[in-house]
Structure formats: C-alpha cells, structure tokens
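1. Structure, please.
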Amino acid sequence: MSALLFHDGHFLRDDSLLAGAGNRGLRYGDGVFETMKLNLGRIQLGEQHMERLFSGLKLLEFDCPAYFNGPYLLDKITQLANRNSHNRLTRIRVMVFRGNGGLYDAENNYPHHVIQSWALPEANHHWNENGLVMGIHRRARKSVDILANCKTNNYLPYVLGALEAKHQKWNDAVMLNSNGRICEATIANLFLVKDKRIITPSLDEGPVAGIMRQYILDKLGSLQLACDQQPVTEGLLLEADEVFLTNSAYGLRWVGEIGDRRYGNQLSEQLY
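-> So this is what the prediction gives:
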C-alpha cells in the first residue's frame, strides 16, 4: 500500500504530482523546509522547528492565512504519521513553497505546503559505535548572508557536497563558507573539542541555525560546560581532539576521521 503525504489541506498518495513547470519552488527554490523526528508519537522539539520555519517564511515574505501556524502543522504531522503507521521512529519533512509565476510576478504569496513521513531504523536512535568518516568539500562554498541561517529550498552547495561524499565513500562532507572557514556539514551542524574547549562555528559564519545545535548549546549550559561560538579554521578542525555532528534526525554523531586525522569520542559520548 502506498504511503500518504499531506498537501494544502488534503491527504494524497505520496506519488501524487503536486507542482507544474511554472512553480516557483521548482524554478527558483522559493521556499523553506524543516526536517524533524517523531519518537513514539511525539514530535521532538516541534515548537522550535515551527519557530524557525515561520521565521524563514517571514523573511521570504510569504502571506500566511490565520489558520496556517505552528499548531496547525504539528497537528497535520501527527495525523499523517498515524495514517502511515509511522508512530515509532519517524523522519518528518515539511516543505513550504510559493506557487506559480516568474521571478517578478508571483501569482500570490500563499504558503503551499507538503508534509511527508518515513519510518526510521532502530539504529537511528542509538549511539554510533563506529565514528563517521568525513572529508572537506571545497568546490562549492556556503554564502554568508541573510539567508545563511535558514533552511531554504535552494540547497545546491550541499548537493555538491553530498555528491562528493558519495563518490569518496564518506558518511558526510564538511562545508566551507565563502571565507574559506568551516561552516557545517551537508546535513548537520558541527562541533569540535580542543584541549577540553568545546567550539562550534558561530551563526555569523553561515551555518544553518540548527534546532539540535541550540539544544546541545542549552544542554552544555545546564551542565556548566562553556561552548565558544566563533570562526573555525581548517587548521583548528584538524587539530581537534573530538568532532561531532548534530541534526534533528539522528541527534548527535561522533566523527572518527577527517582525511588522515583521527578523533576520539570521550565528551561527545557523554553528551549523547
């Protein structure tokens, strides 16, 4: 039986065609998205995801009807997961995009939306015993601008990074910003530990303002562990004692190697 998706008020088969050639989301990547995790029927950090989503919609000047808000989307996510029997461990993706029109003549600014769900393997919810293998992607760099901290539908730098990771048989790729400094990974924020100092690229270095990134920062604060948010050079990364990644789908994963550099996991395992 085909799974379902939710699109603009309707539950449809997940292979339904939703956009034509004139769609601005298809033409220009005009929109934002959120990826989140549902565990035992509960959306993890759902309110924080909605806050980031609607901040992005405001930045992109969407006109949201009164009903189109965080509680509405969270309710539809739960309904979709129930209909698809995705109630144990589930990856949720919410995408919002503008409709038809050219660059200067959008038909309107209505937030067309799609919600999808996929069951996750049990291993997704456990500590990775084997450290991730990564490399540094150098061909496409992340711009440091007003859009940098948003999760927009224009994802091309990360696409190229992911393609290189696949070719090189890495688990993920480290992305550089337009200044040549460490930004994040293709699907995660990045932290490092050096001489017991915890460091992560600051938001003005261009990483996505990750929900799990903020969760870890808050957790470190509650443990009275300081984290420096600062520019991170390639040299600092390769001199680190530990490196770990955070995202909403898998939480925290430790990195075992980047190039010829090997890393430990003492602190990152404690944080998991």
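2. Confirm that residue 170 lies within a helix, as I assumed.
-> No. Assessed with DSSP: H, G, I helix; E, B strand; the rest coil, residue 170 is coil; it does not lie in a helix.
3. so it makes contact with residue 131?
-> No. Look at residue 170 against residue 131 with C-beta atoms under 8 Å: they stay out of range, at 11.9 Å. C-beta coordinates here come from the backbone N, C-alpha and C atoms, glycine included.
4. Can you tell me the closest non-neighbouring residue to residue 109?
-> residue 63 (4.2 Å; C-beta to C-beta, 6 or more residues apart in numbering).
5. Tell me the spacing between that neighbour and residue 272.
-> Here residue 63 is placed at a distance of 42 Å from residue 272 (C-beta to C-beta, to the nearest Å).
6. which one of these two has more residues nearby?
-> Set side by side, residue 63 and residue 272 show more neighbours around residue 272, with 14 against 11, by other C-beta atoms under 10 Å.
7. Next one: the more buried one from residue 259, what distance?
-> 24 Å.
8. helix, strand or coil for residue 56?
-> helix.
9. Spit out the contact partners of residue 34.
-> By C-beta atoms under 8 Å, 6 or more residues apart in numbering, the contact list for residue 34 reads 49, 50, 52, 53, 92, 93, 94, 151.
10. do that again at 6 Å, thanks
-> 49, 53, 94 (C-beta atoms under 6 Å, 6 or more residues apart in numbering).
11. Among the residues you listed, which ones are in strands?
-> residue 94 (DSSP state E).
12. Name the nearest of the contacts of residue 34 relative to residue 237.
-> residue 49 (27.9 Å; C-beta to C-beta).
13. Report how many residues lie close to that closest one.
-> 24.
14. Then residue 130?
-> For residue 130, using other C-beta under 10 Å, the count is 8.
15. same thing with residue 15?
-> 8.
16. Next one, pLDDT for it please.
-> For residue 15, the model assigns a pLDDT of 92.
17. right, and residue 89 touches residue 120 too?
-> Yes. Contact status for residue 89 versus residue 120: in contact at 4.1 Å, counting by C-beta atoms under 6 Å.
18. Just the pLDDT for residue 124.
-> 86.
19. OK, contacts around it?
-> Residue 124 touches 89, 250, counting by C-beta under 6 Å, 6+ apart.
20. any chance you could map the helices in the protein?
-> 24-28, 46-59, 70-83, 156-168, 211-222, 234-239, 266-271 (DSSP state H).
21. pLDDT averaged over the first one - what is it?
-> The reference is to helix 24-28. 93.
22. Which positions within that helix qualify as buried?
-> Using 16 or more other C-beta atoms under 10 Å as the test for burial, helix 24-28 gives 24, 25, 26, 28.
23. Next, count neighbours for the nearest residue to the last one once chain neighbours are set aside.
-> So that's residue 28. Spatial nearest neighbour of residue 28, excluding adjacent residues (C-beta to C-beta, 6+ apart): residue 103 at 6.8 Å. Residue 103 has 9 neighbouring residues, counting by other C-beta under 10 Å.
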